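Peer 1: Compute the structure for the input listed below.
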Amino acid sequence: MAAMGDASVDSIVTDPPYELTSARPGGRSPATQGKVMKGFMGMEWDGSGVAFDPAMWAEALRVLKPGGWLVAFSGSRTYHRMACAIEDAGFEIRDQIMWIYGSGFPKGGLDDEGRGTCLKPAHEPIVLARKPLIGSALANVAQFGTGKLNIDASRIGDTGARNNGRQAGTNGIYGHIGATTAVDYGKGRWPANVIHDGSDEVLSAFPDAPGQIAGASSSSAPRGAQNVYGSLLRGRPGEASANSENAGTVGFQMRPGERRNDSGSAARFFYCAKASKADRDEGLGQFEPQSFVQFQTGNGESGQASSLSAGRETQYRNTHPTVKPEALMRWLVRLVTPVGGAVLDPFAGSGSTGKAAILEGRQFVGCELTAEYLPIARARITAAEARVASEAVAADAQGNLFEAAA
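Peer 2: Presented below is the predicted three-dimensional model:
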């Protein structure tokens, strides 16, 4: 980043080291006694402390345009240190996105009395931060193209357009409400700060809640309990209002699920499972499959396959241990980056952000210090470029077909 110009990128979407180090003063063996074990799965690059360094994030701030967004993953027990470093560098912390999944496994066992030392991991926090604006948000967007999230482009679901227009003559709580223009907000729900993997374990945590989604109705039955301003008329879950069909609006003219443009327990949140083998290895046909990754110590590799490969026959061409899924990275890139804008990933790894950026029609700049991952990243990004070119050719052919038919 030191070689990059000021305000030269539109967004930063990155998966930095989680800094999952652990001190073992007593040691489990003479080789580890008194040492600090390095990072996730023993990886040296995950224990450098760089993600907690405000100076590194200050460089990220410098190369980002005013109002540009930063998205950065972290671990549940180290997130606070990264978020503080980002804030200390001058960013505004705007939100925390939570990626919830059911595939995590506890890193420790139980003793004879059923006691343990850890919980099962089931989420990864993601910081959403922004470089301070120059002037108002509108002025910043007009000058730099950055400062606002692409809400409509990132909505959840596609069950139909909604509008928030009111009819003339509607009586409000505080008096008469005049006519307003119906505004179409596009398809799907406003994106939330929760992402889930669709697993049964996660879906069961978001059950249907009829008491919250029941629709108000002018029907005489059933009546609710007495309220401050009199008895409340309400409908049964799924019941249409008495004087209207589901016309695509909000308020009393829709069935409960359609009011929110969702159905089911977790449809209101963005869905994305962890990276599949096909996603990880796309474009890597020339690479030799191998066991996932080797544990590393201060003296190098231990020669043992990681717990993700132990006892399994699955082998991967992409040997990076923390590959993020294409759909998730595309959604994040789309949310924070202007169309055609440049995305920076200071910790490019195996190129997941770069792949997503290319597929979303954005430019990409990546930095990576581990030489092993560079050819993997290049191959995955090249494969994404080939996909985009292929889809463009197919779209042109389809357009020519329609034109000839007309």
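Peer 1: quick one, what contacts E360?
Peer 2: 330, 333-334, 337 (C-beta atoms under 8 Å, 6 or more residues apart in numbering). Bear in mind the C-beta positions are built from the backbone N, C-alpha and C, glycine included.
Peer 1: no, scratch that, I was asking about M329
Peer 2: M329 neighbours (C-beta under 8 Å, 6+ apart): 13, 352-353, 355-356.
Peer 1: And the furthest pair within those residues?
Peer 2: V13 and K355 (11.4 Å; C-beta to C-beta).
Peer 1: quick one: which of the contacts of E360 is nearest to A273?
Peer 2: R330 (13.7 Å).
Peer 1: Look up which helix or strand that closest one falls in, please.
Peer 2: Assigned by DSSP states H and E, R330 falls within helix 326-336.
Peer 1: same check, this time on I97
Peer 2: With DSSP H and E as the criterion, I97 is inside strand 92-100.
Peer 1: what sits up against that strand?
Peer 2: Applying C-beta under 8 Å, 6+ apart, the contact partners of strand 92-100 are 69, 71, 73, 79, 83, 86-87, 122-132, 193-197, 202, 205, 272, 328.
Peer 1: Inside strands: which ones of these?
Peer 2: Residues of these located in strands (DSSP state E): 69, 71, 73, 123-130, 194-196.
Peer 1: Next up, phi/psi of the nearest residue to T382 once chain neighbours are set aside, please.
Peer 2: Distances taken as C-beta to C-beta, 6 or more residues apart in numbering put G283 closest to T382, at 6.2 Å, once the chain neighbours are dropped. Here is the backbone geometry of G283 (degrees, to the nearest 10): phi 80, psi 0.
Peer 1: What does the pLDDT read for G283?
Peer 2: On pLDDT, G283 comes in at 89.
Peer 1: close enough to count as contact, it and E385?
Peer 2: No: G283 lies out of contact with E385 (C-beta atoms under 8 Å); the separation is 9.5 Å.
Peer 1: who's more crowded, the two?
Peer 2: Applying other C-beta atoms under 10 Å to G283 and E385 shows that G283 carries more neighbours, namely 21 against 14.
Peer 1: residues touching that one, list them.
Peer 2: Listed by C-beta under 8 Å, 6+ apart, the contact partners of G283 are 379-384, 386.
Peer 1: got it, and A386?
Peer 2: G283.
Peer 1: And what about it, helix, strand or coil?
Peer 2: helix (DSSP: H, G, I helix; E, B strand; the rest coil).
Peer 1: State the pLDDT value of it.
Peer 2: 94.
Peer 1: contacting residues for the closest residue to C272 other than its chain neighbours?
Peer 2: Spatial nearest neighbour of C272, excluding adjacent residues (C-beta to C-beta, 6+ apart): L328 at 4.1 Å. Applying C-beta under 8 Å, 6+ apart, one finds that L328 lies in contact with 99, 195, 270, 272.
Peer 1: per-residue confidence for L328?
Peer 2: So L328 comes in at 94 (pLDDT).
Peer 1: what does L332 give?
Peer 2: Confidence score, pLDDT, at L332: 96.
Peer 1: For the contacts of M329, pick the one with the most neighbours.
Peer 2: T353 (32 neighbours).
Peer 1: Distance of it relative to A377?
Peer 2: Here T353 is placed at a distance of 9 Å from A377 (C-beta to C-beta, to the nearest Å).
Peer 1: Are there residues contacting both of those two? Which ones?
Peer 2: In contact with both T353 and A377: G366, using C-beta under 8 Å, 6+ apart.
Peer 1: I'd guess E372 is in a strand, am I close?
Peer 2: No: assigned with three-state DSSP, E372 falls outside any strand and is helix.
Peer 1: Quick check, it in contact with T319.
Peer 2: Yes: contact criterion C-beta under 8 Å: E372 and T319 qualify, at 7.0 Å.
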